[in-house]
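Q: Quick one: sequence and predicted model below, then my questions.
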Amino acid sequence: MEFKLISKDKSSKARTGKLYTDHGIIETPIFMPVGTVGSVKAIHQRDLIEDVKAQIILGNTYHLNLRPGIQVLENAGGLHRFINWPKPILTDSGGFQVFSLANNRKLSEEGAVFRSHIDGSKHIFTPESVVDIQRIIGADIMMAFDECTPFPCSYDYAKKSMELTHKWLKRGIERFKNTQPKYEHKQFYFPIVQGSVYKDLRIQSAETIASYNQAGNAIGGLSVGEPVEEMYAMLEVVNNILPEDKPRYLMGVGTPANILEGISLGVDMFDCVMPTRNGRNGMLFTSEGIINIKNEKWKNDFSPVDKNGKSFVDQYYSKAYLRHLFISKEYLAGQIASIHNLNFYLWLVKEARTKIDNGNFVEWKNIMLQKMMTRI
């Protein structure tokens with residue numbers, strides 16, 4: 001994988017770059033819509049490409065392994081063909097989902113034994129099997145199998161968890177090296193930094209991950225309940241160690257403010273379910289602040305959702321109409337709101353790239369942060 005740095009901000013660690021895959025070029029910083037089971041909820045692939053202008057989406061190894069199942073995906077020729085998506089795909093390894101099954105899983109050095117949240121059936125993930133599954137899925141970017149620690153957790157637990165993640169990583173890399181892509185495109189493997197909110201563990205993990213010299217590196221175990229100040233502190237520590245010539249992916253983050261701060265700390269890639277999940281519940285992100293579209297105040301407001309927006313949502317639909325759809329419990333409400341929010345997130349990172357290139361990112365970021373935390 002080639003990652004080409006384009007520009008660096010003089011007042012922060014923000015940078016722009018281009019990440020080259022066989023399914024297309026990804027401009028960074030980038031936000032990646034989450035398509036857990038091969039679908040970004042309520043949104044057509046056509047709309048993701050034409051309006052949202054997504055450059056890459058995510059799938060999830062845990063969920064896709066359960067449904068539709070690996071055999072179906074292999075018969076289809078991989079996830080790209082199964083969902084008719086022509087652009088890059090990244091797959092999470094399933095570590096976070098297994099972590100979420102705290103009462104239905106058992107971890108050991110061998111791997112993780114867990115029971116399906118769907119039917120209770122028993123499964124095992126090992127570092128090797130997770131590579132094999134992602135080979136069949138055919139993701140352009142594959143994630144290493146890791147354990148995501150909860151917050152809070154003790155130092156001893158975080159240390160043991162990190163060491164287990166590192167042992168799994170070594171085995172996963174060996175499996176990755178000794179297997180080949182199943183389809184006609186290259187695949188790349190990203191290790192994941194862990195260590196909870198303990199500085200020395202994060203340093204140790206970042207140094208270990210960097211030593212493997214993989215195509216890119218991810219930062220996990222954040223945005224799991226810790227104060228944002230702790231998250232930013234860990235990002236600063238880790239990004240001082242992770243190599244500059246590799247993309248850095250902050251997993252599962254987050255709010256527009258989190259993304260802007262993450263960019264300023266040197267992060268290149270983000271994903272989160274927030275724009276679609278919150279959109280389905282009536283929370284809209286705009287260039288002027290956050291709107292709860294269900295509020296009575298929008299009942300007779302016939303202006304666009306975002307007066308500065310470029311989405312067809314802002315060209316065709318008013319706040320009053322979108323509120324009407326939510327109050328009437330129409331399915332279209334969630335679809336429109338999700339498209340709007342994703343469009344905003346992709347607009348936000350595009351603007352960030354422009355400001356970094358122009359040399360005025362920090363000034364713009366500080367203005368936007370105030371707006372992003374304003375309830376309209």
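A: Arrived safely. Numbers count the residues shown, from 1 in each chain.

Q: How about the residue in this structure that sits furthest from its center?
A: Distance from the C-alpha centroid of the chain, by Cα atoms, centre = their mean, peaks at Asn300 (36.1 Å).

Q: what's the spacing between it and Gly309?
A: Distance, Asn300 to Gly309, by Cβ to Cβ, to the nearest Å: 20 Å. In this view, the C-beta of every residue, glycine as well, is placed from N, C-alpha and C.

Q: residue nearest the centroid of this structure?
A: Asp271 (1.9 Å).

Q: who's in contact with that residue?
A: Each residue near Asp271 by Cβ atoms under 8 Å, 6 or more residues apart in numbering is listed here: Phe31, Met32, Pro33, Val34, Leu58, Leu90, Met251, Gly252, Val253.

Q: Backbone dihedrals for it, please?
A: When read as degrees, to the nearest 10, the backbone of Asp271 gives phi -150, psi 150.

Q: Show me what it bridges to in the sheet.
A: Met32 (DSSP bridges).

Q: quick one: whatever helix or strand Ser205 lives in to chain centroid distance?
A: Here Ser205 sits within helix 199-211, counting by DSSP states H and E. Its chain's average C-alpha position is 21 Å from that of helix 199-211, according to Cα atoms, centre = their mean, to the nearest Å.

Q: again, but for stretch 150-161
A: Distance of stretch 150-161 from its chain centroid, counting by Cα atoms, centre = their mean, is 23 Å.

Q: Okay, buried residues for it please.
A: Buried residues in stretch 150-161, counting neighbours by 16 or more other Cβ atoms under 10 Å, are found at Pro150, Phe151, Cys153, Ala158, Lys159, Ser161.

Q: residues making contact with that stretch?
A: 99, 102, 147, 149, 194-198, 201, 224-226.

Q: Among the residues you listed, which one has the most neighbours?
A: Gln194 (31 neighbours; other Cβ atoms under 10 Å).

Q: Just to check, that residue is in contact with Phe145?
A: No: in this structure, Gln194 is not within contact of Phe145 by Cβ atoms under 8 Å, at 11.7 Å.

Q: For Ile57, grab phi and psi.
A: For Ile57, the backbone dihedrals are phi -130, psi 170 (criterion: degrees, to the nearest 10).

Q: That one reaches Gly38, doesn't it?
A: No: Ile57 is beyond contact range of Gly38, at 9.1 Å (criterion: Cβ under 8 Å).

Q: the more surrounded of the two?
A: Legend: neighbour count by other Cβ under 10 Å for Ile57 and Gly38, higher for Ile57 (25 against 22).

Q: Name the residues linked to that one by a beta bridge.
A: Ile89.

Q: ok, it - contacts?
A: So Ile57 contacts Met32, Pro33, Val34, Gly35, Val40, Leu48, Trp85, Lys87, Pro88, Ile89, Leu90 (Cβ under 8 Å, 6+ apart).

Q: So what's the predicted local confidence for the residue nearest to the centre of the chain?
A: Here the pLDDT value assigned to Asp271 is 97.

Q: show me the contacts for the residue lying closest to Ile259 once chain neighbours are set aside.
A: Closest residue to Ile259 apart from its sequence neighbours, by Cβ to Cβ, 6 or more residues apart in numbering: Phe270 at 5.3 Å. Phe270 sits next to Pro29, Ile30, Phe31, Met32, Tyr249, Leu250, Val253, Gly254, Asn258, Ile259, Gly262, Val349 when contact means Cβ under 8 Å, 6+ apart.

Q: and the first one, what is it in contact with?
A: Residues in contact with Pro29 (Cβ under 8 Å, 6+ apart) are Ala14, Thr16, Ile259, Ile263, Val267, Asp268, Met269, Phe270, Val349, Ala352, Arg353.
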